[in-house]
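J.: heads up, no residue letters with this:
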């Protein structure tokens, strides 16, 4: 059974940093696309970043570029999202999602069959 467990969320001040972790299990960590999505109250879910097992292809949304860094540790079956220079508008529930049938980074959440339970990020001004 594929499981994704997020951690690392919490409260941060504007300008601060957090590192989210997505610990994956239940599949061989060699073919995957793992994305970070977020959803703020009253807003639609949106892609933040994605990393592919194929040559480490990475995608960032415009809001994440220059501030967030996605990385993977294949030895630990974990994907990280380092978030720097946080802004109040980054406040949301953050979810990692996996597609283990391909390494294509899709911006659409519907293309990811497996999801974690989410971790809350709250940024105060």
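T.: Ah, there it is. Being a predicted model, the structure only gives us computed values, none of them experimental.

J.: for residue 23, see how far away residue 82 is.
T.: Distance of residue 82 to residue 23, given as Cβ to Cβ, to the nearest Å: 16 Å. Placement of C-beta: from N, CA and C, glycine included.

J.: now swap in residue 51 and tell me
T.: For residue 51 relative to residue 23 (Cβ to Cβ), the value is 14 Å.

J.: with neighbour numbers in mind, choose between the two.
T.: More neighbours surround residue 51 than the other of residue 51 and residue 23, with 23 against 16 (other Cβ atoms under 10 Å).

J.: wait, what's in contact with that one?
T.: Residue 51 sits next to 33, 34, 35, 57, 58, 59, 70, 71, 72, 79, 105 when contact means Cβ atoms under 8 Å, 6 or more residues apart in numbering.

J.: list only buried entries from the residues you listed.
T.: The neighbour count (16 or more other Cβ atoms under 10 Å) marks 33, 34, 35, 59, 70, 72, 79, 105 as buried among those.
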